[in-house]
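take a look and give me a structure for this.
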Amino acid sequence: MGVTLGTAGNNGTAGWSVFTASASGSGEGSAYVGAGTRKVYVSTSGNDANPGTQASPVKTLVAGSALLRGGSPDWLLLKRGDKWTDESFGVDNNGFLNRSGQDADNPMIIGAYGTGARPILEVDRSKSIICFNSGNSASHLVYLSLDCRCYERDPDDVRYAGIINSQPFGFVLTPFARMIIEDCRFAFFLGIELNCIDNPSGNHFVLRRTAFDRLWAGIDYGGTGILAGHVANITIEDCIWYQCAVAPNDDAAGWSLDTGFSNSHNLYINYDCGIVNFRNSISYLTQYHCLKARSGANITNSLLGKGSSGFEVYNMGAASHPPAGVPMDTLNITDNVFMNMRDQDRISVPSGGGGGGTGELANMNDSTPCGPIMFKRNICHHSIANSVAANVNLSRGAAGCEVTGNIIYNMAQGITISDTNPAYPSFGTNTVTPNQIDLDGDNNLGFPDPNNATLTGYATSIGLSASEDVLMRAICANCKDDWDYQLTAPAINDFMRTKFGMATLGVDGGEIVATGSNRPKIRLR
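Numbering: from 1, shown residues only. Model (predicted):
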């Protein structure tokens, strides 16, 4: 069996990962007992007494997962257009699935077959779709083309139960060695939790072309689209987080920015992880950070906006931090768009918090010198009216950073340097020029059309109504069978670049030949 990851940002077939059955052969259903790939088919029109072939599928997720053989490259395929309610893959119906694939080139796959919409897996607030704990670990798993949702947390569902004190995660993966999720959607959970404390090294998590749609906080705790700890390698490509960690307001129509909690983030990557590679992705509308990467991150051609902090990146290498610190590699935050940042409202947040800016480049460490961060060719524009601290900030011992070639427009502040805590090492040499800065937004630098660099303007340019929400929900619905490049971060960013007279990067696999950062396909090892 082969695993070839797709190319980030590619608009053609090469943008999608390719999985082939085991070289040892394959067969369908329980009758296949060979060493290769057993393909198990599941449909709501099936019967659990069936053998699980495409002609005679089983009916329930539990019956299908029971036919998967641990340590084998088996596939569990759910029929497109079908819906499973209050079912999970584990025998106790709480998501626990103690199964692993064979190896990195021969993973176990849970995916879809047939034509039509992705299969829907919907559960109430007491369940997760997939759950592993220290006694139910699994590795070498791939999840493809699944639409997962918690219906009791969906305000548009008649079964909506209000803001409830529950913690439903879509996937709880702890621990694992290698995991791929592609072409999936998670809606109305708290998010996905990754915690490999029992297996802190050698694990690899790949997330591609997946949507996290309205994953909001509950009472007494925050929500997080991705919460990761002790994951050595994290790759995120062509994904979207929208309205994550922002609680719905039962007293008014729509969603509220002020009823979430200060520890709510779209993505929170803890310091005990490895460096995150975040490419061509969108993180928009959150109570706190669009992306908080305490372990360090490379952020490329992505769109982050409408959070109290666009991103917070640390580049620290202290051995005192488990599992043994983070390599002090040079981090690159390049060719991104950061827009519509705001300050958090302290009064409405019970647990405090507040402030924040477009981005904090924080080389944070207690006592050890840290690696540099390159912040280049980014567009930072239009902080929301009540913001007083929106800025690009170097803090806590930043040294060797370069903030150059950026456009900062209509922001509360420009580039700031702060080092108020004497426990952190003093600043080294940082390069913070040249940049094009117009804080007042009066266009005294002569940009082509900066005040129309809006998401509503982009929406109308591709035939949608002038609504951020309509655009973002369309992006969340983007999927393999109907992939539209116009609904991606690179396309939106190129629109913004034209408004500021910056060269566009284009797209590989489409009508435009890419001039930006595309990479060759790689094999997951």
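
pretty sure D157 is touching R125, no?
No. Counting by CB atoms under 8 Å, R125 is not a contact partner of D157; they are 11.8 Å apart. Where C-beta positions appear, they are placed from N, C-alpha and C, glycine not excepted.

between the two, who's got more neighbours?
R125 (18 against 14; other CB atoms under 10 Å).

what distance do you get for that one to F188?
9 Å (CB to CB, to the nearest Å).

shared neighbours of these two, anything?
Counting by CB atoms under 8 Å, 6 or more residues apart in numbering, the common neighbours of R125 and F188 are 150, 153.

check what pLDDT Y458 gets.
For Y458, the model assigns a pLDDT of 98.

are we agreed that it is in a strand?
No. Using DSSP: H, G, I helix; E, B strand; the rest coil, the assignment for Y458 is helix, not a strand.

so the residue nearest to it when sequence neighbours are not counted, which of the three states?
Closest residue in space to Y458, ignoring its immediate chain neighbours: F495 at 4.8 Å, by CB to CB, 6 or more residues apart in numbering. At F495 the chain is in helix, as set by three-state DSSP.

contacting residues around F495?
453, 457-458, 461.

how is the protein carved up into domains?
What automatic domain parsing lists as the domains of the chain is 1-145, 184-443, 450-499.

and the average pLDDT for the second one is what?
The reference is to domain 184-443. pLDDT averaged over domain 184-443 gives 71.

and that domain, end to end?
One end of domain 184-443 to the other measures 41 Å (CA to CA, to the nearest Å).

cool, and stretch 2-13?
17 Å.

please shift the residue numbers so they start at 12 in all later answers.
Sure, I'll start numbering at 12, so the last one becomes stretch 13-24.

what comes up buried for that stretch?
For stretch 13-24, the neighbour count (16 or more other CB atoms under 10 Å) marks 14-22 as buried.

between these, which is nearest H151?
Closest approach between these and H151, by CB to CB: V14, at 9.4 Å.

note down every partner strand of the host helix or strand of N277 and its orientation.
Take DSSP states H and E as the rule and N277 turns out to sit in strand 276-280. Partners of strand 276-280 in the sheet, by DSSP bridges, are strand 235-240 (parallel), strand 300-304 (parallel).

need the CA coordinates for the helix or strand just after that strand. CSV is fine.
Proceeding N to C from strand 276-280, the next assigned helix or strand is strand 287-290, under DSSP H and E. Coordinates of each C-alpha in strand 287-290 appear next as CSV, following Å, rounded to 0.1, in the frame of the first residue of the first chain:
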residue,chain,number,x,y,z
VAL,A,287,4.0,23.4,13.5
ASN,A,288,3.9,23.8,9.7
PHE,A,289,0.7,25.8,9.0
ARG,A,290,0.2,26.4,5.3
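
and strand 287-290, what other elements does it pack with?
Here strand 287-290 touches strand 244-248, strand 300-304, strand 308-311, going by 3 or more CB pairs under 8 Å, 6 or more residues apart in numbering; DSSP states H and E.

compute the inter-axis angle for the helix or strand that that strand is followed by and strand 244-248.
Toward the C-terminus, strand 287-290 is succeeded by strand 293-297 as the next helix or strand (DSSP H and E). Going by axes from the mean of the first three to the mean of the last three CA atoms, to 10 degrees, strand 293-297 is angled at 90 degrees with respect to strand 244-248.

list the helices and strands strand 293-297 packs on?
strand 251-255, strand 276-280, strand 300-304, strand 314-316, helix 479-488.

list the strands paired with it, with their directions.
Assessed with DSSP bridges, strand 293-297 is paired to strand 251-255 (parallel), strand 314-316 (parallel).

quick one: the strands in the stretch 312-461 of the chain?
314-316, 320-325, 342-345, 348-350, 370-373, 384-387, 390-392, 403-406, 413-415, 418-420, 426-429, 447-449 (DSSP state E, counting those that start in this stretch).

and of those, who's closest to V518?
Closest to V518 of the strands of the stretch 312-461 of the chain, according to CB to CB: strand 314-316, at 14.6 Å.

so for stretch 171-191, first residue to last residue, what's the gap.
31 Å.
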